[in-house]
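S.K.: missing the sequence, but the structure's below:
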């Protein structure tokens, strides 16, 4: 039986064109980019061409793009740099950020290097901008604001420009985890007042283990990893050559096909909402699912019953790959911190469906039939 994969917010499959772009750098073009002979020069050229391509697609300068191992490293680097190099003494974030942000902020808070607070959330799961401004205004010391561009569980989109303008007004550093939006939306870094953003290749059909940290030219930070001059002295260690080439190719393809792919994926999400409402009684949805929300993500709440508590297990048995995120905690499964923060209803079981250009309406039909059986 064919597997149905609806967990694209966790990771996507690698595009064949991306693999084809990477393969020469796994085989014939294997030189260390730091070597001065021809093998090294050709791989150095590949990295710098990838940097230029990524910068062009995000409307940044090549010197503002740093390649990393992915979103987690980029997030860690941004937070450490804000605290250590940019004089931030208070961090404002939200209770629904990715753990790569929450655990890092917690770490520096526990070291007593900073204080931290959560911005209030509206019932829809969106950030309360009035509360954000109030918090920024109340701190005399410099703040770091770290808020994700799109939530990976419920899909809510941040009004990133408005947040950036507030940060500018109060001289705060603004970092945004854009892992779910780079490769899915056109992002113009000359038009968004943001100091740093994080992205990861495997969220838009690129390779795992590769990402970027954009650092605006106006701020200067020190390395997170020491011991070499790679990435213009910003990140020591031999570069993930084929990952970098793959990241740039995946972003190029995603940008070129954005209009067609996003319209198609949005139609799948809309179809799934309609199919669930028409076939499953008591179903509801988390976040601003029909408003300012990722077209790739749908967070569904099912009424809690003995059968729905086993829903992920039963979907897996029926070859349907999805992820959970219910607010309950049973055994080691403590559930989703995101769902707890926005709607701590113990009588609901949450499942996240996330879509890609490779999914079909036929797959949605099969999933609905499976749900009717298992529920």
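M.R.: The structure has been received and is ready for your questions. Note that the structure is a prediction, hence the values are computed from the model and not measured.
S.K.: Pretty sure residue 314 sits in a strand.
M.R.: No - counting by DSSP: H, G, I helix; E, B strand; the rest coil, residue 314 falls outside a strand, being helix.
S.K.: Tell me the predicted confidence for the spatially closest residue to it that is not a sequence neighbour.
M.R.: With C-beta to C-beta, 6 or more residues apart in numbering as the criterion, residue 314 has its nearest non-adjacent residue at 4.0 Å, and that residue is residue 374. Bear in mind the C-beta positions are built from the backbone N, C-alpha and C, glycine included. Note on residue 374: pLDDT of 93.
S.K.: do you know how far residue 374 is from residue 3?
M.R.: Taking C-beta to C-beta, to the nearest Å as the measure, residue 374 falls 16 Å from residue 3.
S.K.: more neighbours, those two?
M.R.: residue 374 (16 against 10; other C-beta atoms under 10 Å).
S.K.: For the more buried one, give its distance to residue 262.
M.R.: 31 Å.
S.K.: in the stretch 151-300 of the chain, which spans are strands?
M.R.: 173-177, 196-200, 211-215, 284-285, 297-303 (DSSP state E, counting those that start in this stretch).
S.K.: and those, which is most packed in?
M.R.: For the strands of the stretch 151-300 of the chain, the largest average neighbour count (mean count of other C-beta atoms under 10 Å) is found in strand 196-200, namely a mean of 29.
S.K.: pLDDT averaged over that one - what is it?
M.R.: Mean predicted lDDT for strand 196-200 stands at 98.
S.K.: outside of it, which residues touch it?
M.R.: Identification of contacts with strand 196-200 by C-beta atoms under 8 Å, 6 or more residues apart in numbering yields 68, 70-71, 74-75, 78, 81-82, 149, 173-179, 182-183, 187, 189, 210-216, 219.
S.K.: next one: that strand to chain centre, how far?
M.R.: 8 Å (C-alpha atoms, centre = their mean, to the nearest Å).
S.K.: Now do the buried residues in stretch 368-375.
M.R.: Counting neighbours by 16 or more other C-beta atoms under 10 Å, one finds that the buried residues in stretch 368-375 are 368, 370, 371, 374, 375.
S.K.: my guess is residue 44 contacts residue 36, does it?
M.R.: No - taking contacts as C-beta atoms under 8 Å, residue 44 lies outside contact range of residue 36: 9.4 Å.
S.K.: of the two, who's got more company?
M.R.: The neighbour count for residue 44 versus residue 36, taken as other C-beta under 10 Å, is higher for residue 44 (18 against 8).
S.K.: so what's the more buried one up against?
M.R.: Counting by C-beta under 8 Å, 6+ apart, residue 44 has contacts 33, 34.
S.K.: Return the angle between stretch directions for the host helix or strand of it and strand 196-200.
M.R.: Element membership of residue 44, judged by DSSP states H and E, is helix 38-58. On the basis of axes from the mean of the first three to the mean of the last three C-alpha atoms, to 10 degrees, helix 38-58 is oriented at 110 degrees to strand 196-200.
S.K.: Buried residues, helix 38-58. List them.
M.R.: Result for helix 38-58 [16+ other C-beta under 10 Å]: buried residues 42-44, 46-47, 50-51, 53-58.
S.K.: for it, the distance to its chain's centre please.
M.R.: 24 Å.
S.K.: next helix or strand past it?
M.R.: strand 65-68.
S.K.: list the helices and strands that next one packs on?
M.R.: helix 38-58, strand 211-215, helix 230-233, helix 241-256 (3 or more C-beta pairs under 8 Å, 6 or more residues apart in numbering; DSSP states H and E).
S.K.: who does it pair up with?
M.R.: When sheet partners are counted by DSSP bridges, strand 65-68 sits next to strand 211-215 (antiparallel).
S.K.: Show the average pLDDT along the helix holding residue 44.
M.R.: Helix 38-58 comes out at a mean pLDDT of 98.
S.K.: got it, and stretch 4-14?
M.R.: Mean predicted lDDT for stretch 4-14 stands at 98.
S.K.: Can you give me the end-to-end span of it?
M.R.: One end of stretch 4-14 sits 16 Å from the other (C-alpha to C-alpha, to the nearest Å).
S.K.: Which positions are bridged to residue 175 in the beta structure?
M.R.: residue 146, residue 196.
S.K.: what's near enough to touch it?
M.R.: 75, 78, 79, 82, 144, 145, 146, 194, 195, 196, 197, 198.
S.K.: ok, now which ones touch the fifth one?
M.R.: If I follow you right, that is residue 144. Contacts of residue 144 (C-beta under 8 Å, 6+ apart): 79, 82-83, 86, 88, 90-92, 114, 172-175.
S.K.: Surely it is within a strand?
M.R.: Yes - according to three-state DSSP, residue 144 belongs to a strand.
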